[in-house]
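Undergrad: Take this sequence and fold it.
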Amino acid sequence: MRKLTIALTKGRLADQTLHLLEQVGISCEEMKEPGTRKLIFTNEETGVRFFLAKGPDVPTYVEYGAADIGIVGKDTILEENRKVYEVLDLGFGRCRMCVCGPPEAAELLRHNQLIRVATKYPGIAKEHFYNTRNQTVELIKLNGSIELAPIVGLAEVIVDIVETGSTLRENGLTVLEEICPLSARMIVNPVSMRMDNRRITQLIQSLREILGKMS
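TA: Take a look at the predicted model:
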């Protein structure tokens, strides 16, 4: 039997996903071995293999068929914009994508002024400002602490993920607009969905039942 390959996002998302999969009878003890340097982990009994990847790479692996299934944040799905099916909201890792800045920046948004927007997510920011708000902005891609940008005058606002909002408050910033809610999602390669429909559909249904009991 062909093995079903699942790409997991490294870190907390992978741990939470494995815990969830264990509840539907899919475990991978190999991954729990401390200090392991293996890249691919296989459960021969269930015919499933796993590998860990950085978040932005997961949709790429799934689009090109190197993985049948991927578990990744909704923010990454939106930003990467790959040809994959999003089939299930797993419910963990909940947060929001927001436009944030000092309170006075709300006025700049209200009047659709030309402003600079700093973000790790230029794709999401462009979609929001150009297509949803019909506002022309200058996008500045950053990789580090985005909150710094409005404080030092690099940008008027930022587009970033907000969980509790405590970092914003500590730096005199606030949420000005919510773009969309985020959480961990399951994505599937379209060809895999056709070729291995029964197994993948069964897994989705099993996970949906577990998530239903947890909610």
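
Undergrad: and the closest residue to P103 other than its chain neighbours, what does it touch?
TA: Distances taken as Cβ to Cβ, 6 or more residues apart in numbering put T174 closest to P103, at 5.6 Å, once the chain neighbours are dropped. The C-beta positions use only the backbone N, C-alpha and C, and glycine is treated the same way. By Cβ atoms under 8 Å, 6 or more residues apart in numbering, T174 lies in contact with C100, G101, P102, P103, G165, L168.

Undergrad: tell me what the longest helix seen in the chain is packed against?
TA: Secondary structure of the chain per DSSP state H: the longest helix is helix 197-214. Where contact means 3 or more Cβ pairs under 8 Å, 6 or more residues apart in numbering; DSSP states H and E, helix 197-214 is packed against strand 4-9, helix 12-22, strand 85-89, strand 184-188.

Undergrad: quick one: the helices in this protein?
TA: Counting by DSSP H, the helices of the chain are 12-22, 58-63, 74-80, 105-110, 122-126, 148-152, 166-170, 190-195, 197-214.

Undergrad: my guess is L109 contacts C98, does it?
TA: No - applying Cβ atoms under 8 Å, one finds L109 not in contact with C98, separated by 11.9 Å.

Undergrad: that older thread, show me which parts of the longest helix of the chain are buried, residue by residue.
TA: R199, I200, L203, I204, L207, L211 (16 or more other Cβ atoms under 10 Å).

Undergrad: Out of those residues, which is nearest to R116?
TA: Nearest to R116 out of these is L211 (Cβ to Cβ; 40.2 Å).

Undergrad: Next, the contact list for the closest one, please.
TA: For L211, the contact set (Cβ under 8 Å, 6+ apart) comprises L20, L88, L90, G91.

Undergrad: ok, for the second one, nearest residue in space, not its chain neighbours?
TA: In other words, L88. M186 (4.1 Å).

Undergrad: re earlier: select only the buried ones of the contacts of L211 in ChimeraX?
TA: Buried members of the contacts of L211, defined by 16+ other Cβ under 10 Å, are picked up in ChimeraX with:
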select :20,88,90
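
Undergrad: strands paired with the helix or strand of the chain with the lowest mean pLDDT, and their directions?
TA: Sorted by mean pLDDT, DSSP states H and E, the helices and strands of the chain end with strand 40-43, the least confident at a mean of 90. Neighbouring strands of strand 40-43 in its sheet, by DSSP bridges, are strand 48-53 (antiparallel).

Undergrad: angle of the partner strand against helix 12-22?
TA: Interaxial angle of strand 48-53 relative to helix 12-22 (axes from the mean of the first three to the mean of the last three Cα atoms, to 10 degrees): 170 degrees.
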